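In: sequence first, then the predicted structure:
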Amino acid sequence: MKINVFDTENELLDGLAKYFVQVAADSIAEHGQFSVALSGGNSPKKLYELLASAKYKDKVEWNKVHFFFGDERYVPHTDPQSNYLMAKKSILEPLGLSYRQIFPINTSVTPEEAASRYTIDINQYFAGFDARFDLILLGLGDNSHTASLFPHTPVLHDKVPQVKEVFLEDQQVYRITMTAPLINQAHHIAYLVFGQGKAAAVHNVIEGKTNIEEYPAQLIKPSDGDLQWFLDKTAASALKER
């Protein structure tokens with residue numbers, strides 16, 4: 001695990017954009033394509049807009065990139081809460097990508113079927129090999145959840161690399177998420193976290209006592225891959241060691 005700390009939010013986003021570009025270039029050079037699983041929420045939106053901007057859009061062979069989603073809210077793709085809609089507006093449409101490069105989670109079916117179908121989509125993409133994404137982008141909630149691996153949910157104990165539905169009792173909503181074993185198969189995993197409000201969660205996940213029920217992001221430990229945290233100094237402020 002490597003922890004990268006930046007003075008400002010803009011420097012942080014630029015640092016992760018450069019990392020994205022490098023991993024993409026290495027993956028394309030190695031096997032001709034780049035598979036990335038996107039995260040949702042407000043933090044990555046700024047990253048996606050930066051990658052689609054004039055500064056970075058010519059630094060990646062976008063026609064060789066395939067986009068997946070680490071998790072999704074169980075809402076229509078037209079809903080403002082949809083991770084797919086956010087990505088569509090911030091990076092997918094601005095880059096003019098082919099629909100063949102984009103693998104959204106189908107939320108027009110039941111949550112169970114949505115998860116099952118997405119597992120099939122992923123396994124078909126990897127054509128019988130282990131589903132090892134080149135890069136999975138993750139965020140971190142102030143309750144230490146990542147993707148849709150929330151505290152005290154049954155999916156935290158799932159041992160199969162797959163996609164599962166998750167019901168959040170407190171919100172009475174479903175989410176669809178990659179399980180920790182699937183995330184942990186990735187070649188590269190990168191957390192993007194900024195803001196003072198995330199400092200306690202960052203400390204708990206990285207330096208706290210192991211307790212996956214309370215701090216689900218502790219589950220993310222790639223078996224044979226690179227795990228990096230991209231933090232601004234306020235998000236890293238509670239860490240004892242940097």
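Out: Yes, it's here.
In: quick one: average confidence on the longest helix along the chain?
Out: Scanning the chain for the longest helix, with DSSP state H as the assignment, gives helix 9-31. Here helix 9-31 scores 98 as its mean pLDDT.
In: figure out how far it is from the centre of its chain.
Out: Computed by CA atoms, centre = their mean, to the nearest Å, the chain-centroid distance of helix 9-31 equals 14 Å.
In: residue ranges in the protein under the pLDDT threshold?
Out: 242 (pLDDT under 70).
In: which parts of it are strands?
Out: 2-6, 34-38, 65-69, 71-73, 135-138, 163-168, 173-178, 188-193, 226-232 (DSSP state E).
In: distance to residue 21 and mean neighbour count for these - can I get that in TSV?
Out: Any C-beta I mention is one placed from the backbone N, CA and C, and that applies to glycine too. Formatted as TSV, the strands of the chain follow (distance: least, CB to CB, whole Å; neighbours: other CB atoms under 10 Å):
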stretch	distance to residue 21	mean neighbour count
strand 2-6	15	16
strand 34-38	10	24
strand 65-69	11	21
strand 71-73	24	25
strand 135-138	11	26
strand 163-168	27	21
strand 173-178	23	24
strand 188-193	12	24
strand 226-232	14	21
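In: let me have these in JSON lines, extended by distance to residue 127.
Out: Converted to JSON lines, the strands of the chain look like this (distance: least, CB to CB, whole Å):
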{"stretch": "strand 2-6", "distance to residue 127": "31"}
{"stretch": "strand 34-38", "distance to residue 127": "12"}
{"stretch": "strand 65-69", "distance to residue 127": "13"}
{"stretch": "strand 71-73", "distance to residue 127": "23"}
{"stretch": "strand 135-138", "distance to residue 127": "19"}
{"stretch": "strand 163-168", "distance to residue 127": "17"}
{"stretch": "strand 173-178", "distance to residue 127": "18"}
{"stretch": "strand 188-193", "distance to residue 127": "20"}
{"stretch": "strand 226-232", "distance to residue 127": "23"}
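In: quick one: closest of these to residue 113.
Out: strand 163-168 (8.8 Å; CB to CB).
In: who touches the closest one?
Out: Strand 163-168 has contacts (CB atoms under 8 Å, 6 or more residues apart in numbering) with 74, 105, 111-112, 114-116, 118-119, 122, 148-150, 153-155, 158, 173-179, 182.
In: picking up where we left off before, looking at the strands of the chain, spot the one closest to residue 214.
Out: strand 163-168 (15.7 Å).
In: and that closest one, which strands flank it?
Out: Strands that pair with strand 163-168, judged by DSSP bridges, come out as strand 173-178 (antiparallel).
In: in the sheet, which residues pair with the nearest residue to residue 8 once chain neighbours are set aside? Tell me.
Out: Nearest residue to residue 8, sequence neighbours excluded (CB to CB, 6 or more residues apart in numbering): residue 232, at 6.5 Å. Beta bridges link residue 232 to residue 6, judged by DSSP bridges.
In: got the contact list for residue 232?
Out: 5, 6, 7, 8, 9, 11, 12, 193, 194, 195.
In: which among these end up buried?
Out: Applying 16 or more other CB atoms under 10 Å to the contacts of residue 232, the neighbour count classes 5, 6, 9, 12, 193, 194 as buried.
In: fine, thanks again, bye for now.
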